[in-house]
Structure formats: structure tokens, C-alpha cells
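> Below is the structure, and that's it, no one-letter string:
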């Protein structure tokens, strides 16, 4: 027999089970959302549930007991988490579960901050931070904390923004937006997919746009930040405040949950473009302008030091200080939003990227 269950009932059943799927569920036409997702994805068969009396399941007192049709577990999980793939800008089968469920990695919203002096008691000089300056006010977000939360919805003065960090790609980015975001638990090309709290559309961090759901195609505006050592940041911004460890969550912020990941060449999750010009886990600085992309190997920049270069029609001033790299358009004097991340992640999303060569681009080397 075929019975109709609500998404809420199915979700409740699965999350109270023993941590695995007993089922691949329901025929697509039973649920409007299910039908829509199947129609707009790579999967066409839908799902059929066989139920029998027994273990209580919702108000119907039924238990789903067998699998009759193949379907993506990821697509089912997206359904149960309330996400929709209609429309989708990326292949549905390449959206993968990262392990934790929706909000299993809790985003922070307007978290507590503390002074640099207070942060010195637990941050080491070499610890990396994501630093942002808004209307002259500086704030640092330690990677120690971002590893555990990945998203911070924050505000400095009247300026709202979201700061995101993907430990698997090493990418920290800030976006100028009033939307509030959470961690979906899903990945695309090994990169975090955010979701907005209003429509639960999925957003790709590195694509900087919504890739599935009602807002698919909407873009985010990247805001400049620095990926810097704490000692460099606090020296440049002695009045900075710092994201506090008192987040309201019980996490060991002294422990790196991704320890060793940087030191191995492989990734935990697949990517669909590979570029052998650099090792996969080489740190690079990526810049996108006018739909063109370029990357610098971070170690090369540290060797070259601060300099100016011509890239296409842009004359760029590159400032290097330790782990921190800033790039400014010399004509407009505008600080450009750049992203520090692993080479594999940059090329996964920008397969046509240029790779800077000093002999090709260097105009004038300046003092470090």
C-alpha cells in the first residue's frame, strides 16, 4: 500500500532512527515539492515507499520497510532539510552531504567580541585570523573559531555582512548583505554551501551566488578582508576587537578539527576540475575582475614582496606583509576583494584562471 506522509513526519522518523536511512521514500507525485525537484534534477524515477503496520510512524502508525527505486540520498536529504533544487544552476548529483546535517555546524549571529588585549591570553601570534575593516572599525575572526562555525552573521555600526570560512577549501570571504545565513551541511566542489534564512536557497561561497532554490542566480557582493597572522593584524590595527570564544556553544577552540588536512595532497570530497600547474594544497591568492581570474602562489608573493604589476587593463599594487596580502587598483585607489585558499579550490571554480608569473607581469618591485 502507498501512504502519504508529510516531510516533517519523514524527517522526524529518520532523525530518530539509528543514524542511517532505512528507506528511500515516496513517489514524486505525492508531494508537490518532491515532484518539482525530480522534474528539475538528473533523477526521473522518483521514489516509492512500501509501508506496513508495525513500528509507529507519525499519525498513520506505519513503518517504511523497503527500497523499491534508486534515488540520490543527497537529494532526499536536501528534501528532508527543507531545501529545494528547483531551479538549480549546478548538477544536483554533485551536491554532496558534508556529514553534519543542516545547522549541525552552528552559524554565529551578532556574537560577542572582546579587546585585542583579552584575546592575547588565548591567541598566539602565529594564529590566523580573518580581519575586516568597516567604516574605520577593525574586527578579527580567529580561524580557531571559524573552523567550528564557518559562518558569522555580523554588523559593525550600521553595516551588516556575513563572514564565511570553508575549512576544506581554506577560503575566507565576506559579503555585503543584510541576509542571515546558516550552514546547510552540503558541499559543492568541496566548498561550503550556505543557505539563507528567508527562503532556504542554497548559496555557493566561491561562486558568490545562490545556486539552488527560489533565489538561484542572485549574486553576493564580496567585501575585502585580510587572511592574516594575529600578530600582523593587531600590529596594524591595535584597536581591533576580536570574536570571543564565548559563543554560547561548547567547542574546544584550542583544537583544530581539521588537523593534518593541509599536509596531505588529497581532498575529503571530489572536485571536478584538476590543474597540475601547482600542488592541490598550495596556498594561492585569487582575484576576479571583469569575469577574468588570476591567482598568485602565496610563497611566490612572500619572496617577491610588495610590488606593482599590470594585469589586463588594470594596474595593481600588491602589498605583502607576512601571511597578509592586499591588492589595490592604483587608478581608483580601491582595495580589491581577494581570496586566500587552496589551489585546487580556486581552479575548481575558475578552470580558466591565469597564474601570475613575475617575469610576465612585474612592473616595479617596491620595498617590503
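Cool, got the structure. As the structure is a computational prediction, the values presented were derived from the model and not from experiment.
> Next one: residue 316 from residue 109, what distance?
Computed as Cβ to Cβ, to the nearest Å, the residue 316 to residue 109 distance reads 35 Å. (Glycine included, C-beta is placed from N, CA and C.)
> quick one, which of those two is more surrounded?
residue 316 (22 against 15; other Cβ atoms under 10 Å).
> so which strand or helix has that one?
Applying DSSP states H and E as the criterion places residue 316 in strand 314-321.
> tell me what that strand is packed against?
Packed against strand 314-321 by the contact rule (3 or more Cβ pairs under 8 Å, 6 or more residues apart in numbering; DSSP states H and E) you find helix 298-304, strand 307-311, strand 324-329.
> Tell me which of the ones you listed lies nearest to residue 132.
Among the helices and strands packed on strand 314-321, the nearest to residue 132 by Cβ to Cβ is strand 324-329 (12.5 Å).
> Show me what counts as buried in that closest one.
For strand 324-329, the neighbour count (16 or more other Cβ atoms under 10 Å) marks 324, 325, 326, 327, 328 as buried.
> Check the gap between the spatially most central residue of the chain and residue 251 for me.
Geometric centre of the chain, nearest residue: residue 192, 3.2 Å, by Cα atoms, centre = their mean. Going from residue 192 to residue 251 by Cβ to Cβ gives 17 Å.
> returning to what we had before: report the strands that pair with the strand holding residue 316, each with its relative direction.
strand 307-311 (antiparallel), strand 324-329 (antiparallel) (DSSP bridges).
> picking up where we left off before, possible to save the buried residues of strand 324-329 as TSV with pLDDT?
Output for these, formatted as TSV (pLDDT from 0 to 100):
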residue	pLDDT
324	94
325	96
326	97
327	97
328	97
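> with those in mind, which one is nearest to residue 214?
Sorting the buried residues of strand 324-329 by how near they are to residue 214, with Cβ to Cβ, puts residue 327 at the top with 34.7 Å.
> so that closest one touches residue 320, yeah?
No - the pair residue 327 and residue 320 does not pass the contact test of Cβ atoms under 8 Å, sitting 9.8 Å apart.
> thinking again about what came up before, list the contacts for the residue nearest to the centre of the chain?
Counting by Cβ atoms under 8 Å, 6 or more residues apart in numbering, residue 192 touches 98, 150, 151, 164, 166, 168, 169, 183, 184, 205.
> rewinding a little: relative to residue 353, which of the helices and strands packed on strand 314-321 is closest?
strand 307-311 (11.9 Å).
> what helix or strand is the residue nearest to the centre of the chain on?
Using DSSP H and E, residue 192 sits in strand 191-196.
> Burial check on residue 117, number of neighbours?
Using other Cβ under 10 Å, the number of residues around residue 117 comes to 10.
> can you list contacts of the helix or strand hosting it?
In this structure, residue 117 sits in helix 116-119 according to DSSP H and E. Where contact means Cβ under 8 Å, 6+ apart, the residues beyond helix 116-119 that reach it are 140, 142, 230, 234, 238, 239, 240, 241, 242.
> Highest neighbour count among those residues?
When the contacts of helix 116-119 are compared by neighbour count (other Cβ under 10 Å), residue 242 ends up highest, at 27 neighbours.
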